[in-house]
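Engineer: quick one: sequence plus predicted model below, questions after.
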Amino acid sequence: MDDDADIRRGLAILLRSHGHTVTVFQSAEEYLAQPVEAHCVILDIALPGMSGLELSERLKADGRSVPVVFITAHVEPSALAAVQRTRQPLLKKPLVEDDLVDAINRATSEQA
């Protein structure tokens, strides 16, 4: 989930090339409004409206324990501390394909 259409499109193409089924959303609110059963969610920390961190917290509060991979263009200390508490991977943009695929594999295998 990213507010940048080019990043969403690029991520979708990349992940589909690795055999993943992909649904993209531009906001946390759009994601919450759809009945999606995700196996992993890629969340930009700095989404407009509800942030990626807030969405992650909301999913947990709602009992939806979906693995998350956080992405960000700017690693701010408060966001970094919050992500470290979640124990979910954090990747800095621009994303490296192998790093993203590895982070998804780690997040989903830890959930199993």
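Structural biologist: Good, I have the coordinates.

Engineer: H74 reaches L90, doesn't it?
Structural biologist: No: counting by CB atoms under 8 Å, L90 is not a contact partner of H74; they are 11.7 Å apart. Quick note: C-beta positions are derived from backbone N, CA and C, even for glycine.

Engineer: strands of the protein, residue ranges please.
Structural biologist: Secondary structure of the chain (DSSP state E): strands at 41-44, 68-72, 90-92.

Engineer: can you list those in CSV and add mean pLDDT, mean neighbour count and distance to L11?
Structural biologist: Below are the strands of the chain laid out as CSV (pLDDT from 0 to 100; neighbours: other CB atoms under 10 Å; distance: least, CB to CB, whole Å):
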stretch, mean pLDDT, mean neighbour count, distance to L11
strand 41-44, 94, 24, 6
strand 68-72, 93, 23, 9
strand 90-92, 90, 16, 11
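
Engineer: wait, which of those strands is closest to A28?
Structural biologist: strand 41-44 (7.8 Å; CB to CB).

Engineer: partners of that closest one in the sheet?
Structural biologist: According to DSSP bridges, strand 41-44 forms sheet pairs with strand 68-72 (parallel).

Engineer: which helix or strand in this protein has the lowest average pLDDT?
Structural biologist: helix 77-86 (a mean of 76; mean pLDDT, DSSP states H and E).

Engineer: who touches stretch 15-22?
Structural biologist: Defining contact as CB atoms under 8 Å, 6 or more residues apart in numbering, one finds that stretch 15-22 is touched by L11, A12, V101, I104.
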